[in-house]
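1. okay, sequence plus prediction incoming.
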Number of protein chains: 2
Amino acid sequence: MKKSTSPAKQLSDTALELIATRFRALSEPMRLRLLNLLMQGEHSVGQLVEASGSSQANVSKHLSLLREAGMVGVRKEGLTSICFIADPLVNELCDMMCCRLREEMEDKARSLTAGLG
Amino acid sequence: MKKSTSPAKQLSDTALELIATRFRALSEPMRLRLLNLLMQGEHSVGQLVEASGSSQANVSKHLSLLREAGMVGVRKEGLTSICFIADPLVNELCDMMCCRLREEMEDKARSLTAGLG
DNA sequence: GAAATAATTTGCTATATCGTTATATAGCGA
DNA sequence: TCGCTATATAACGATATAGCAAATTATTTC
């Protein structure tokens, strides 16, 4: 297991802003839903609208933010725009977060049953 | 390299909200600055206030959010509260994001010099 | 060119959140 | 108990953003 996170240097203000902006892109449930759909394969904007249950304008706005963050790419095919995950880091980050949450919940459940047993 | 992100299942609304909340904790420069300081070792709240250059109330509020997100832990020592990173995932996520940003910037710089050369 | 379709952009309202100021709580010493 | 110090909390104004509705921009088809 490659462990060592590098020596933790001091980050500049602009670096902090950039990192924060990236994480902010992942900080809204609707955007995560769109990413989750895209993790299962390419989708047109219309498909995302239908699958997400949100409005077209709303989906479009979220997609444009995800595009600016470099997380989603778009390919035009005639009238429709086909979206896809442009950065595999998205998958990794989400997977890691999901795993961690699952672990925490299992821990919580375990300690609860232990407390009751 | 362990690659395979698991098969990308459909996430529930509550799961999406939980994940979003975690990422939101990482989506503010000041919180990232506090985490960055804590990555270099334990700090008291007062030390964080001084090092961050923000107000005590502000730092305290951000720390409490980070605590709720399970990212920061606190140990009381007399009057002072000593803070530390409670979840190594924080280091990993931030490192990954930093690396990715550095890569992107280097790419951009390269393509720029190529365009000018 | 006109109509139709897919998507983006614009205005708007409601809500959330950052940072500040002022106040409250908790632990320690006289 | 009374201050003093280290944090936490409350209240507030300013800004950002999610979601909705309407207008706008492409692109295809007739």
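-> That came through fine.
2. wait, does the helix-or-strand element of chain A with minimal mean pLDDT contact chain B?
-> Lowest by mean pLDDT, DSSP states H and E among the helices and strands of chain A is helix A:88-116, with a mean of 90. Yes. Residues of helix A:88-116 contacting chain B under C-beta under 8 Å from any C-beta of the partner chain: A:Leu89, A:Asn91, A:Glu92, A:Leu93, A:Cys94, A:Asp95, A:Met96, A:Met97, A:Cys98, A:Arg100, A:Leu101, A:Glu104. Any C-beta I mention is one placed from the backbone N, CA and C, and that applies to glycine too.
3. and that helix, what does it pack against?
-> helix A:29-39, helix B:13-25, helix B:88-116 (3 or more C-beta pairs under 8 Å, 6 or more residues apart in numbering or on different chains; DSSP states H and E).
4. and those helices, which is most packed in?
-> Ranked by mean neighbour count under mean count of other C-beta atoms under 10 Å in any protein chain shown, the helices and strands packed on helix A:88-116 are led by helix A:29-39, which reaches a mean of 22.
5. off-centre distance for the helix or strand following that one?
-> Later in the chain than helix A:29-39, the nearest helix or strand by DSSP states H and E is strand A:43-44. Here strand A:43-44 shows a centroid-to-chain-centroid distance of 17 Å under the convention C-alpha atoms, centre = their mean, to the nearest Å.
6. partners of strand A:43-44, with directions?
-> Strand A:43-44 sits in its sheet next to strand A:80-85 (antiparallel), going by DSSP bridges.
7. just to revisit the earlier point, any idea which of the helices and strands packed on helix A:88-116 gets closest to DNA strand D?
-> Nearest to DNA strand D among those is helix A:29-39 (3.9 Å), distances taken as C-beta to the nearest atom of the strand.
8. the closest one packs against which elements?
-> Using 3+ C-beta pairs under 8 Å, 6+ apart, helix A:29-39 sits against helix A:45-52, helix A:56-68, strand A:72-77, strand A:80-85, helix A:88-116, helix B:13-25.
9. cutoff 10 Å now
-> Counting contacts by 3 or more C-beta pairs under 10 Å, 6 or more residues apart in numbering or on different chains; DSSP states H and E, helix A:29-39 is packed against helix A:13-25, helix A:45-52, helix A:56-68, strand A:72-77, strand A:80-85, helix A:88-116, helix B:13-25.
10. can I get those in CSV including distance to DNA strand C?
-> CSV is the format used below for the helices and strands packed on helix A:29-39 (distance: least, C-beta to the nearest atom of the strand, whole Å):
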stretch, distance to DNA strand C
helix A:13-25, 10
helix A:45-52, 3
helix A:56-68, 3
strand A:72-77, 6
strand A:80-85, 4
helix A:88-116, 17
helix B:13-25, 6
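11. of the ones you listed, which is nearest B:Leu116?
-> Comparison of the helices and strands packed on helix A:29-39 against B:Leu116 by C-beta to C-beta identifies helix A:13-25 as nearest, at 23.2 Å.
12. hmm, back to that, now the two most distant members of the residues of helix A:88-116 next to chain B.
-> Among the residues of helix A:88-116 next to chain B, A:Leu89 and A:Glu104 lie farthest apart (C-beta to C-beta), at 22.4 Å.
13. quick one, the least confident helix or strand of chain A and helix A:29-39 angle?
-> 110 degrees (axes from the mean of the first three to the mean of the last three C-alpha atoms, to 10 degrees).
14. quick one: stretch A:15-32 near DNA strand D?
-> Yes. Using C-beta under 7 Å from any atom of the strand, a contact is recorded between stretch A:15-32 and DNA strand D, made by A:Arg24, A:Glu28, A:Pro29, A:Met30.
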